[in-house]
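Undergrad: Give me a 3D structure for the following:
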Amino acid sequence: MSEILKGLRFLKGHGTENDFVIVPDPDGLLDLPPALVARLCDRRAGIGGDGLLRVVRSAAHPEAAPMAAEAEWFMDYRNSDGSVAEMCGNGVRVFARYLVTAGLAEGGELAVATRAGVRAVRVAAEGPDGPGEITVTMGRAELPGPDGIVVTVGERQWPALNVSMGNPHAVVFVDDLAHAGKLLDPPAVAPAAAYPAGVNVEFVVDRGPRHVAMRVHERGSGETRSCGTGACAVMVAAARRDGADPARTGQPVTYTVDLPGGRLVITEQVDGTVLMTGPAVILAEGGIDQRWLAG
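TA: Here you go, the predicted model:
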């Protein structure tokens, strides 16, 4: 075991119950192989989390160094199985909450580097009810096709819309969220060639005008209580289904998205930029038992 790992510290946080192990590593010194990330995220034998957020200065990470002039901090995000992911919307909010709580950034406006690019974040001031909500500029959604994508669960099949939020999503509209099944394993998506690196699959029902609810299977993590990029993809898919396109109408569109772990408010602006607003909480911090690490 390296001497650096012996001093491993962590925090635990969540955004609408999408929870993360947070590992501060400002100088980029830690080696976190996939097997160790998976152990840390294990809900029975580890700390437990849908993923891991490594907090690294952009200048200290080879993937983020080109973004260092725009964003001091890089969110090195890993899925709970240890695989690397491009982006995590709830993770960005939790990441920003950590930066402010730790005194590494001021509240208000800040920038976070991710593998999907730099994301602008606005951290609202704390009020009488606790920390304010966090709004993330998630970039523009892309609908790259192809047509003809089909998602299958058991004997049911649905057409899916391919939406990219820097990571891939297949969005399907269903009559009942229970039709998604247990989502322990990835739903079947065809053609497989449409998503060579896997895909997040969202199942969506209507709750009212510009108000939907969803469940999601996140690649590398299974079903999660919330998915920020998934909620953004769902909002854009629902808007297009409903005939709303801000680029065409000149009017922004806002949807409320209910998830098992809470509620997010998603707005698509006239220029196509998607804004996500929701809570983020840091709930614990501590150290790792060295015998566990050695094992």
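
Undergrad: Could I get the full set of helices for this protein?
TA: With DSSP state H as the criterion, the chain has helices at 3-6, 34-41, 89-101, 228-241, 246-249, 290-294.

Undergrad: Could you list the domains of the chain?
TA: The record's domain parsing of the chain by automatic domain parsing lists 3-133+280-294, 150-277.

Undergrad: hmm, back to that, how about the helices of the chain in JSON lines, adding mean neighbour count and mean pLDDT?
TA: Any C-beta I mention is one placed from the backbone N, CA and C, and that applies to glycine too. Formatted as JSON lines, the helices of the chain follow (neighbours: other CB atoms under 10 Å; pLDDT from 0 to 100):
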{"stretch": "helix 3-6", "mean neighbour count": "12", "mean pLDDT": "68"}
{"stretch": "helix 34-41", "mean neighbour count": "18", "mean pLDDT": "96"}
{"stretch": "helix 89-101", "mean neighbour count": "26", "mean pLDDT": "96"}
{"stretch": "helix 228-241", "mean neighbour count": "27", "mean pLDDT": "97"}
{"stretch": "helix 246-249", "mean neighbour count": "12", "mean pLDDT": "94"}
{"stretch": "helix 290-294", "mean neighbour count": "11", "mean pLDDT": "87"}
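
Undergrad: and the closest residue to P246 other than its chain neighbours, how far is that from D245?
TA: Leaving aside its sequence neighbours, P246 sits nearest to V270 (CB to CB, 6 or more residues apart in numbering; 4.7 Å). As judged by CB to CB, to the nearest Å, V270 and D245 stand 10 Å apart.

Undergrad: With E72 instead?
TA: To D245, E72 is 35 Å away according to CB to CB.

Undergrad: same check, this time on P209
TA: For P209 relative to D245 (CB to CB), the value is 17 Å.

Undergrad: Please apply the same query to G295.
TA: For G295 relative to D245 (CB to CB), the value is 54 Å.

Undergrad: what about these two, which has more around it?
TA: D245 (16 against 9; other CB atoms under 10 Å).

Undergrad: Could I get the phi/psi values of the more buried one?
TA: Per-residue torsions, D245: phi -140, psi 100 (degrees, to the nearest 10).

Undergrad: got the contact list for the nearest residue to it once chain neighbours are set aside?
TA: Nearest non-adjacent residue to D245, counting by CB to CB, 6+ apart: A239, 6.9 Å away. Residues near A239 by CB atoms under 8 Å, 6 or more residues apart in numbering: 245, 253, 255, 268.

Undergrad: Just send the residues you listed back as JSON lines, with pLDDT and distance to G198 too.
TA: Putting the contacts of A239 into JSON lines (pLDDT from 0 to 100; distance: CB to CB, whole Å) gives the following:
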{"residue": "D245", "pLDDT": "96", "distance to G198": "28"}
{"residue": "V253", "pLDDT": "98", "distance to G198": "29"}
{"residue": "Y255", "pLDDT": "98", "distance to G198": "26"}
{"residue": "E268", "pLDDT": "98", "distance to G198": "25"}
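
Undergrad: Turn the domains of the chain into a markdown table, including distance to A141.
TA: Rendered in a markdown table, the data for these read as follows (distance: least, CB to CB, whole Å):
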| stretch | distance to A141 |
| --- | --- |
| domain 3-133+280-294 | 12 |
| domain 150-277 | 4 |
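
Undergrad: To L143, which of these lies closest?
TA: domain 150-277 (5.8 Å; CB to CB).

Undergrad: need the contact list for M214.
TA: M214 sits next to 177, 202-205, 230-231, 234, 257-259 when contact means CB under 8 Å, 6+ apart.

Undergrad: residues near A244, how many?
TA: Neighbour count for A244, taken as other CB under 10 Å: 19.

Undergrad: In this structure it contacts T254, no?
TA: No: between A244 and T254 there is no contact under CB atoms under 8 Å: 9.9 Å.

Undergrad: what bits of the protein have low per-residue confidence?
TA: By pLDDT under 70, the weakly predicted segments of the chain are 1-4, 128-130.

Undergrad: Spatially central residue for it, please.
TA: By CA atoms, centre = their mean, the chain has its centre lying nearest to C88, at 2.3 Å.

Undergrad: Could you check how far it is from L53?
TA: 8 Å.

Undergrad: any common contacting residues for those two?
TA: Joint contacts of C88 and L53 (CB under 8 Å, 6+ apart) are 75, 77.

Undergrad: Can I get the contacts of M214 in TSV including distance to R119?
TA: Output for the contacts of M214, formatted as TSV (distance: CB to CB, whole Å):
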residue	distance to R119
L177	29
E202	20
F203	26
V204	24
V205	29
G230	16
A231	15
V234	19
V257	18
D258	23
L259	20
